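**Q** Quick one: sequence plus predicted model below, questions after.
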Amino acid sequence: IRGENGAGKTTIAEAITWGLFGVDLAGSNRVDRLMHPETGGMMVSVRFIGPDGQEHRVTRMRRYRGGDLLVDGRKATQADIEQVVGPSRYWLPVFWPQTVGTWTDSQAREFFGWLLRRVEPEAVLEALGPGYAPALAGLRLVNPEEDARAVRREIQEAERRLEQLRGRLEALREQAAKEPPAVTEPDHAEALARLEAELAALEAPDTSALEAQIRALQGVVAEARAEMASLQAAMEDPEEIQGVCPSCGQNLPPERLAAVRKAMEARNAERRAKVQEAIRRGREANRQLKLLQQQLEALQRSANGERRKALAAEIDALRQRQQVHRLQVELRERILAEREAARERVREAEEAIAEMEAQIGRLRQQLDALRAYIYKHAELQAGQLAEHLRRVSVQLHEIVKTTGELKPVFRLRYDDLPYPVLSTSEKIRAGLEIASLVNRLTGVDYPVFVDNAESLTHFERPEASQVFVARVAAGEPLTVRPMEGVLQHG
């Protein structure tokens, strides 16, 4: 295939790939860029000899609203095409050898995992030796990279919890070292008991006789008051006397009316005299009552009264100070109990931290074992590749500049040079060696498209029944024809 830059040489490769698998040369199904902007769609028809030895035709049509896919004139799905063409995962590394230069480590490892014989976990463990088996016990090792990511997440979570435990331990240690407050108020229990006993020993004076006389005099005063009230209520008013007989209703003669008033006045005079007598008795009783109360007070004062009063005041003051002492003791005991509980929690936290550190250690051992497993697995895969490749090899590790550690990788090299530094011709030759390997191991005869072939003077023919060689030819239109002389048969 010859032509000027932009003539459409690579477009032929894009068309074949899209027609068979619905993707572009980058493996993306976003292919609107391939469609001419002035048309309403695009169509590719690919005729080929399939693995069954029969000729087939795949036609793919795309419009802005939907499309069709036909195999041998019948509507089909992509799965139907792969039944005829072969697996899509192997197409691009063979047909478009530049693909291998775009792979990441994980993509390269995954691709060769599909391509090569499965390396069984038992074979990897045996190659590692018995020292790694305990750390890897319980892991299925179907996807060790995912196992390693899960272990890293566990380590991160465990380290987060460990940091929390250490912070809690620091707080508990501060609480466990806290000194309780001193009891500055002394214990007054003994002194208080002694004063209370002394107060109880002082007998009160016998005032029962005086109290009986006082009660009797209080009764006399009450009787006098009651008598005065009764007499005053019985007093009569002469002005209220009517001049009519209450029995017959006749007017009373003047002499009779005068006699009635006189008798009334005589009764009032007798009542007033009795009131005066009651007043005198009450006053006398109050005088005697006051004297008796003075005697009672004097008797109470004379019989240890002052001492009892002083003792009571001293006892009250001591009780207040004893309450302060009790509160200080309770506070100290509470702080001591909290400190002892904190010390117990410190021991528990230290045990939890030790267990967490041990768990992190086990997880790190498991992660190290998984790294060794992944490396050994890659090494065994690389060993298989080495059986089939001559100039292409696999780099399995690199040195991390910041730490100096070995980091597992899976990178292709050509003549022991890393892929990014290769020249265009070396990259093409490396891709062709991989393409031949894929066709050889899969048994599928995919064609190979060599782009930028002008950078090569010659190259070994890849193991493919059809090879497209695209060269830039200045000033020439796009032409497609059989060509010899650029291939070297190995």
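**A** Ah, there it is. Residues are numbered from 1 along each chain as shown.

**Q** which residue lies farthest from the center of the protein?
**A** In the chain, the residue that sits farthest from the middle, by CA atoms, centre = their mean, is residue 255; the gap is 119.7 Å.

**Q** if I look at residue 198, how far off is residue 311?
**A** 6 Å (CB to CB, to the nearest Å). C-betas here are computed from N, CA, C, even on glycine.

**Q** re earlier: for the one helix or strand the residue farthest from the centre of the chain maps to, name the packing helices and strands.
**A** Element membership for residue 255 (DSSP states H and E) is helix 254-302. Using 3 or more CB pairs under 8 Å, 6 or more residues apart in numbering; DSSP states H and E, the elements in contact with helix 254-302 are helix 208-234.

**Q** Could you give me the buried positions within the helix it packs on?
**A** 213, 214, 217, 220, 221, 224, 227, 228, 231 (16 or more other CB atoms under 10 Å).

**Q** Between helix 254-302 and that helix, find me the angle.
**A** Inter-element angle recorded for helix 208-234 and helix 254-302: 160 degrees (by axes from the mean of the first three to the mean of the last three CA atoms, to 10 degrees).

**Q** so for helix 208-234, what's the average pLDDT?
**A** Per-region confidence: helix 208-234 scores 86 on mean pLDDT.

**Q** still on that earlier bit, after the helix holding residue 255, next one along is what?
**A** That would be, after helix 254-302 and using DSSP H and E, helix 305-388.

**Q** ok, then the element right after that next one?
**A** Taking DSSP H and E, what comes next after helix 305-388 is strand 392-399.

**Q** Which single one of the buried residues of helix 208-234 is nearest to residue 286?
**A** residue 221 (5.9 Å; CB to CB).

**Q** what ranges do the strands span in the stretch 1-150 of the chain?
**A** Taking DSSP state E, counting those that start in this stretch to define them, one finds strands in the stretch 1-150 of the chain at 2-3, 41-49, 55-63, 66-71, 74-75.

**Q** Name the residues of stretch 2-22 that are buried.
**A** 2-3, 7, 9-10, 12-22.

**Q** List the contacts of it.
**A** Outside of stretch 2-22, the residues within contact range by CB atoms under 8 Å, 6 or more residues apart in numbering are 1, 23-25, 29, 31, 34, 44-46, 58-60, 69, 78, 81, 85, 88, 91-92, 95-96, 447, 449, 451, 468, 470-480.

**Q** quick check: domain ranges of the chain?
**A** 2-116+392-488, 204-303 (automatic domain parsing).

**Q** between the helix holding residue 255 and helix 305-388, how many degrees?
**A** Going by the same axes, to 10 degrees, helix 254-302 makes 60 degrees with helix 305-388.

**Q** Let me know the average pLDDT across helix 254-302.
**A** Taken as a whole, helix 254-302 has an average pLDDT of 84.

**Q** And the helix or strand hosting residue 429, what does it pack against?
**A** For residue 429, the host element (DSSP H and E) is helix 424-442. Other elements packing on helix 424-442 under the criterion 3+ CB pairs under 8 Å, 6+ apart are helix 91-95, helix 105-115, helix 305-388, strand 392-399, strand 406-414, strand 448-450, strand 459-460.
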